[in-house]
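Novice: show me how the following folds:
(one chain, ligands or ions: 2)
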Amino acid sequence: MAVIDEAACIGCLRCMNECSVAAILGAAKQIHVVLTDLCHGCGKCVDVCKPNAVSMEPILPTVSTWYWPKPVIQLKEA
Ligand code: SF4
Ligand code: SF4
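Specialist: Ligands and ions are numbered 1, 2, ... in the order given. Sure thing, here's the model as predicted:
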């Protein structure tokens, strides 16, 4: 998930314009913020941020997001 460093953000709007799912909220010359429920982790906003205010952080599973891993299927050779 993308995370914005509020101290480094200059409010240039680049990340907001780059995000295809409108997961970044902000206004010109104002601190921007990532809407965690919408961000799908594509990382495009990181590339356009000149002051390097955006970074990608891992999302730790919670009770509501954890799921059983899918089983590994091994195909038999003929
Ligand atoms: S691109 Fe970087 S500096 Fe510009 S608004 Fe987004 S987080 Fe802030
Ligand atoms: S990582 Fe992708 S989806 Fe998430 S805020 Fe950045 S551009 Fe939007």
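Novice: enumerate the residues of the protein near ligand 1.
Specialist: 4, 9-15, 26, 32, 48-49, 51, 53-54 (C-beta under 6 Å from any ligand atom). Glycine gets a C-beta too; all of them are placed from N, C-alpha and C.
Novice: among the residues you listed, name the buried ones.
Specialist: The neighbour-count test (16 or more other C-beta atoms under 10 Å) marks 4, 9, 12-15, 26, 32, 49, 53-54 as buried among these.
Novice: columns secondary structure and pLDDT on top of those residues, output as CSV?
Specialist: CSV is the format used below for those (DSSP: H, G, I helix; E, B strand; the rest coil; pLDDT from 0 to 100):
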residue, secondary structure, pLDDT
4, strand, 97
9, coil, 96
12, coil, 97
13, coil, 96
14, helix, 97
15, helix, 97
26, coil, 94
32, coil, 93
49, coil, 97
53, coil, 97
54, strand, 97
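Novice: the closest residue in space to residue 21 that isn't next to it in sequence: how many residues sit nearby?
Specialist: Sequence neighbours aside, residue 38 is the residue nearest to residue 21 in space, at 5.3 Å (criterion: C-beta to C-beta, 6 or more residues apart in numbering). Residue 38: 13 surrounding residues under other C-beta atoms under 10 Å.
Novice: flag every residue of the protein that's near ligand 2.
Specialist: Within the chain, the positions adjacent to ligand 2 are 2, 18-19, 21, 23-24, 34, 39-45 by C-beta under 6 Å from any ligand atom.
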